[in-house]
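>>> Sequence and predicted model, in that order:
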Amino acid sequence: MQLAKFTDYSLRMLIYIAEHPDRLVTINEVATWYNLPKQHFVKIAHNLVKLGYVKSSRGKGGGLCLNKNPEEINIGKLVRETEPNFRIVECFDSGHISCRIIGSCKLKNILHKSINQFYDVLNSSTLKDIITN
C-alpha cells in the first residue's frame, strides 16, 4: 500500500506552510525546500486552494497560507480527498473485476477492515499533530 505522490506532496506542502505561519509561502520555495519539481506543487497548490485548505494571493509579494487553523485540518479527510481511487487490490474497483475467486474470497473483508483502521488512525490526527512548531 502506498499513497500517491499527489497525496504525499499535498501533505508536505501543508506541513511547510503550517511551519511558516508568519508569512506567505511561495510554490517555488516549497519545491526548492523538498528538492522536487515545481510543476508538481503548482497542481497541488491549486487543488489545496480548491479544497479550502489554503488561500492564495497572486502578484508580487503573493503566496500561500493556510485557510484553516492546523488543528482544523484532519489528515484522514485530506487523504480521502486526494486519494479518490485508493484501491489496494483489484476487487475494490467494482467496474474492473476479473478475479476468478471473487465470490468465495474472504481476503477482501480483511483488507477492508485494515483500510478502515488505517483511516481511523489518520482521522485521529490533524495537521497540528504533525508539524514541528
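Arrived safely, thanks for sending.

>>> contacts and neighbour counts: CA atoms only from here.
Noted.

>>> Only alpha carbons, please: show the least confident helix or strand in the chain by mean pLDDT as CSV.
Lowest by mean pLDDT, DSSP states H and E among the helices and strands of the chain is helix 107-123, with a mean of 89. Output of helix 107-123 as CSV, limited to C-alpha atoms (Å, rounded to 0.1, in the frame of the first residue of the first chain):
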residue,chain,number,x,y,z
LEU,A,107,-9.5,-11.6,1.8
LYS,A,108,-11.5,-8.6,0.6
ASN,A,109,-13.2,-8.2,4.0
ILE,A,110,-9.9,-8.4,5.9
LEU,A,111,-8.4,-5.8,3.6
HIS,A,112,-11.5,-3.5,4.1
LYS,A,113,-11.0,-3.8,7.8
SER,A,114,-7.4,-2.9,7.6
ILE,A,115,-8.1,0.1,5.4
ASN,A,116,-10.8,1.3,7.9
GLN,A,117,-8.2,1.0,10.7
PHE,A,118,-5.7,2.9,8.6
TYR,A,119,-8.2,5.7,8.1
ASP,A,120,-9.2,5.6,11.8
VAL,A,121,-5.6,6.4,12.7
LEU,A,122,-5.4,9.2,10.1
ASN,A,123,-8.8,10.6,11.3
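
>>> The helix or strand that it is followed by: which residues count as buried?
With elements assigned by DSSP states H and E, the helix or strand that comes after helix 107-123 is helix 127-130. For helix 127-130, a neighbour-count test (16 or more other C-alpha atoms under 10 Å) marks 127, 128 as buried.
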